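Student: Following is a predicted model, sequence given first.
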Amino acid sequence: MKEPKQLSVSAIENGTVIDHIPASALFKVIQILGLDKISNQITFGTNLESKKLGQKAIIKLEGIFFEDDDINRIALVAPEAKLNIIRAYEVVDKNVVKVPDQITGIAKCFNPKCITNFEPVTTRFKVVSKKDVALKCHYCEKITDQEHLVIL
Amino acid sequence: MKNKSLVSIDDLSTDEMVSILDLAEKFEKEPSQRLLEDSVIATLFFEPSTRTRLSFESAISRLGGKIIGFTDASSSSVTKGESLNDTIRTVNNYCDLIVMRHPVEGSARLASEIADVPVVNAGDGANQHPTQTMLDLYSIRKTQKSLDNLNIFLVGDLKYGRTVHSLLMAMSRWNTTFNFISPDELKMPVEYKLYLDSLGLKYYEHSDFTDIIKEADVIYMTRVQKERFSDPIEYEKVKNVYVLRNHMLRDTKENLKVLHPLPRVNEIHRDVDVNTKSYYFQQALNGVYTRQAILTRLLDLK
């Protein structure tokens, strides 16, 4: 009997591993970080077993390091995401994402009468609660809570 | 910020508010000052609001300014499908300041970011109407001699009422006690009560008019609108509960004034009009002085 062929995902030399992404949020994360528009080597796995999340996804990015402000943009869709910073195949730093104080783009204002739902305007929010995410619209001043949160 | 605009009452610091009220007082003493002689003011009313528009136009006229604009969207390029962005960019070229009324919430904030000239929000949907709030503050200060330590009664539609929310936010900067009188369906939203809690300000809720109004310094009436009720029977039950009549003002405080943003329908009975405690028509007049103050302040003329 032949040994099953295994496609091994090689460990990365220098870069970032984003772990503990809810499987359902993987493509949102890719979109928010613009990973579909860069030429670095990226591998991702999804629907992996996770005790914490049920099914999780993981992204390995060769040669990419994020600024806090950039990576925190995914906090709305992957609040439990963890980052491993890799240098020379070693984990040199670990990080968690934090919900930022301001959100630009990413989320939709739930108020159907808000100007951002009429004109092509980039949405802007002040984060008024981080635990149960609540966003106050810069324009209509209404609050969008977790339950009504829609990612653009 | 590339220009000084007034979009939301929260844009003003307490000092700025007081300074505008002081300036409005000067305009009350001397309303005709030709400070806008060389200015063109655009009044863009994307939805009709005769009262607000006339008040602004009166303020501009008394300052000697020229007015351009439209009184409802059907007589503007909006009907041709022009975006707000394009309308504002165009009008921006023709004037020194834009006064804007628009049914969509947040439209005034967006306009203030697009325009190089100051934008005054004259109402953006259910969101903000800061010049109304400023004239309410002016009326309260003028009649009570101070904004501190007052007992303010807000009556009627406290759930959807834009004016009562803004007034609450503004008055919460002073040591104010609030009393809310409303039907159950139209109670003050919880976020405002939490906000007052966080400031340690007192408030009390009531479901109808009682002797409690004897404690009031200001009664601020609003309209209870039929369309706010999911069940028409509920409206029929409450529609006459929130009507203020002259005899109810017997034994109230000497300094009490009854305010209303107008238009009123039946929530203040006509028999109140003769009572010296009624103040809603003078309140409307105060709107002219307050708007004179806001316009000249934003244009750095005062």
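Tutor: It's in.

Student: Tell me if the helix or strand containing residue B:41 is near chain A.
Tutor: Taking DSSP states H and E as the criterion, residue B:41 maps to strand B:40-45. No. Strand B:40-45 does not reach chain A (C-beta under 8 Å from any C-beta of the partner chain); its nearest approach is 14.4 Å. To be clear about C-beta, it is placed using only N, CA and C from the backbone, and glycine gets the same treatment.

Student: packing partners for the helix or strand that that strand is followed by?
Tutor: Once the chain leaves strand B:40-45, the next helix or strand it forms, by DSSP H and E, is helix B:50-62. Helix B:50-62 sits against strand B:40-45, strand B:66-70, strand B:97-102, strand B:119-124, helix B:130-144, helix B:280-298, with contacts defined as 3 or more C-beta pairs under 8 Å, 6 or more residues apart in numbering or on different chains; DSSP states H and E.

Student: Next up, identify which helix or strand the one residue in chain A that gets nearest to chain B is on.
Tutor: Going by C-beta to the nearest C-beta, chain B is nearest to residue A:139 of chain A, at 2.8 Å. Following DSSP H and E, there is no helix or strand that holds residue A:139.

Student: count of residues packed around the nearest residue to residue A:22 once chain neighbours are set aside?
Tutor: Excluding its sequence neighbours, the residue lying closest to residue A:22 (C-beta to C-beta, 6 or more residues apart in numbering or on different chains) is residue A:53, at 5.4 Å. Residues lying near residue A:53 (other C-beta atoms under 10 Å in any protein chain shown) number 17.

Student: one step back: so the residue of chain A closest to chain B sits against residue B:105, correct?
Tutor: Yes. With contact defined as C-beta atoms under 8 Å, residue A:139 reaches residue B:105; the gap is 7.2 Å.

Student: got a list of what residue 119 touches?
Tutor: No chain specified, so I'll use chain A. If a contact means C-beta atoms under 8 Å, 6 or more residues apart in numbering or on different chains, then residue A:119 has B:83, B:84, B:85, B:110 as its contacts.

Student: Actually, chain B is the one I wanted.
Tutor: B:3, B:5, B:6, B:7, B:97, B:98, B:99, B:100, B:108, B:111, B:112.

Student: go with 10 Å
Tutor: Shown in contact with residue B:119 (C-beta atoms under 10 Å, 6 or more residues apart in numbering or on different chains): B:3-7, B:42, B:44, B:88, B:92, B:97-100, B:107-113, B:298.

Student: Check whether stretch B:217-229 comes near chain A.
Tutor: No. Under the criterion of C-beta under 10 Å from any C-beta of the partner chain, chain A is not reached by stretch B:217-229; the shortest gap measures 15.3 Å.

Student: pLDDT below threshold where in the chain?
Tutor: No chain was given, so I picked chain A. Chain A contains residues with pLDDT under 70 at A:1-9.

Student: wrong one, I was asking about chain B
Tutor: Using pLDDT under 70, the flagged stretches of chain B are B:1-3, B:75, B:77, B:79.

Student: Spell out which parts of it neighbour chain A.
Tutor: So chain B meets chain A at B:7-8, B:10, B:83-86, B:102-111, B:113-114, B:124-128, B:191 (C-beta under 10 Å from any C-beta).

Student: Now which of those would you call buried?
Tutor: B:7-8, B:84, B:102, B:104-111, B:113-114, B:124-128 (16 or more other C-beta atoms under 10 Å in any protein chain shown).

Student: Next, check the residues you listed against the strands and list the overlap.
Tutor: B:102, B:124 (DSSP state E).

Student: What strand or helix carries residue B:204?
Tutor: strand B:203-206.

Student: what are the pairing partners of that strand, and which direction each?
Tutor: If you go by DSSP bridges, strand B:203-206 pairs up with strand B:177-181 (parallel).

Student: How far does the strand it pairs with sit from its chain's centre?
Tutor: With C-alpha atoms, centre = their mean, to the nearest Å as the basis, strand B:177-181 stands 18 Å off its chain's centre.

Student: likewise stretch A:40-47?
Tutor: That offset, for stretch A:40-47, works out to 13 Å (C-alpha atoms, centre = their mean).

Student: what ranges do the helices span in chain A?
Tutor: A:26-33, A:68-71 (DSSP state H).

Student: Which residue lies nearest the spatial centre of chain B?
Tutor: The centre of chain B sits closest to residue B:132, judged by C-alpha atoms, centre = their mean, with a distance of 2.0 Å.

Student: my read: it touches residue B:165, true?
Tutor: No. Using C-beta atoms under 10 Å, residue B:132 is not in contact with residue B:165, being 11.2 Å away.

Student: shared neighbours, these two?
Tutor: In contact with both residue B:132 and residue B:165: residue B:9, using C-beta under 10 Å, 6+ apart.

Student: which element is residue B:21 on?
Tutor: Using DSSP H and E, residue B:21 maps to helix B:14-29.

Student: can you list the domains in chain A?
Tutor: A:15-96, A:102-151 (automatic domain parsing).

Student: List the contacts of residue 142.
Tutor: Defaulting to chain A. Contacts of residue A:142 by C-beta under 10 Å, 6+ apart are A:109, A:110, A:111, A:113, A:114, A:135, A:136, B:105, B:106, B:126, B:127.

Student: actually it's chain B I care about, not the one you picked
Tutor: Contacts of residue B:142 by C-beta under 10 Å, 6+ apart are B:21, B:24, B:25, B:28, B:257, B:279, B:282, B:283, B:286, B:289.

Student: most neighbours, which of those?
Tutor: residue B:286 (27 neighbours).

Student: before we move on, the earlier item: for the helix holding residue B:21, packing partners?
Tutor: Under the contact definition 3 or more C-beta pairs under 10 Å, 6 or more residues apart in numbering or on different chains; DSSP states H and E, helix B:14-29 sits against helix B:130-144, helix B:280-298.

Student: can you redo those as JSON lines with distance to residue B:266?
Tutor: Listed next are those as JSON lines, based on distance: least, C-beta to C-beta, whole Å:
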{"stretch": "helix B:130-144", "distance to residue B:266": "21"}
{"stretch": "helix B:280-298", "distance to residue B:266": "14"}
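
Student: Many thanks, have a good one.
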